[in-house]
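**Student:** below is the structure, and that's it, no one-letter string:
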Ligand SMILES: Cc1cc2nc3c(=O)[nH]c(=O)nc-3n(C[C@H](O)[C@H](O)[C@H](O)COP(=O)(O)O)c2cc1C
């Protein structure tokens, strides 16, 4: 049976993003449970309602990738105690046009890291509020990760054992949630 397909969104467009490194380490950590792919958001133009009738190719691709996914993992930094603009832009494109909300009914898991003590907590809380409003079915709990130099080691694994166990627990719960909400996909029969 095919593993559930996970769309992974990184809320940063920075080349050396610590959240992208964490996302990739989590993809390795959950590789036995998910077939995970990073979905680009850094090439989406600034949302403009005028363009909804003729959506840019990158937006069409983005929404297609969301449509195919059984679940969405969002790994985000915090910018000015809230959601980074590049991520909010992607959220808005995903939500539109009216009647074509890509987020509704999708299982979602939100996490993220920052060097600050509260590990992107406020960005995650704001994002939870937005995504719940858009109809995503979010995994409960609080997955705030304070960035430390060994968070992701030279082999791309979560370096700290306690953090690895902490995130593994969330990934296990998320696999369970996605499994409960996913009707056996036509994808696996194709
Ligand atoms: C515009 C901006 C605002 C930021 N605001 C916060 C903040 O509110 N809280 C926080 O913990 N870190 C904040 N930071 C620091 C980020 O946590 C840090 O740059 C981190 O590396 C961003 O994640 P990334 O490497 O995945 O892009 C901010 C950084 C930038 C560039």
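**Tutor:** Good, I have the coordinates. What you see is a predicted model; the values in this text were computed from it and never measured.
**Student:** tell me the secondary structure at the closest residue to residue 38 other than its chain neighbours.
**Tutor:** Spatial nearest neighbour of residue 38, excluding adjacent residues (CB to CB, 6 or more residues apart in numbering): residue 8 at 4.8 Å. From N, CA and C alone the C-beta is placed, and that goes for glycine too. With DSSP: H, G, I helix; E, B strand; the rest coil as the basis, residue 8 sits in strand.
**Student:** count of neighbours near residue 8?
**Tutor:** 22 (other CB atoms under 10 Å).
**Student:** wait, what's in contact with it?
**Tutor:** Listed by CB atoms under 8 Å, 6 or more residues apart in numbering, the contact partners of residue 8 are 23, 26-27, 36-39, 72-75.
**Student:** before we move on, what about residue 72?
**Tutor:** With CB under 8 Å, 6+ apart, residue 72 has these contacts: 6-9, 66, 103, 106-109, 136.
**Student:** would you list the residues you listed in CSV and tack on pLDDT and distance to residue 88?
**Tutor:** What follows is the contacts of residue 72, written out as CSV (pLDDT from 0 to 100; distance: CB to CB, whole Å):
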residue, pLDDT, distance to residue 88
6, 98, 21
7, 98, 17
8, 99, 18
9, 99, 12
66, 98, 16
103, 98, 13
106, 97, 17
107, 98, 21
108, 98, 15
109, 98, 18
136, 98, 15
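**Student:** what about whatever helix or strand residue 112 lives in, near the ligand?
**Tutor:** Under the criterion of DSSP states H and E, residue 112 resides in strand 107-114. Yes: legend: contact between strand 107-114 and the ligand by CB under 6 Å from any ligand atom is shown at residue 114.
**Student:** packing partners of the helix or strand that residue 165 is a member of?
**Tutor:** Per DSSP H and E, residue 165 falls inside helix 161-181. Judged by 3 or more CB pairs under 8 Å, 6 or more residues apart in numbering; DSSP states H and E, helix 161-181 is in contact with helix 18-29, strand 71-75, strand 107-114, strand 144-146.
**Student:** pick the most buried one from these.
**Tutor:** With neighbours defined by mean count of other CB atoms under 10 Å, none of these is more surrounded on average than strand 71-75, at a mean of 27.
**Student:** quickly check: that one near the ligand or not.
**Tutor:** No: under the criterion of CB under 6 Å from any ligand atom, the ligand is not reached by strand 71-75; the shortest gap measures 8.1 Å.
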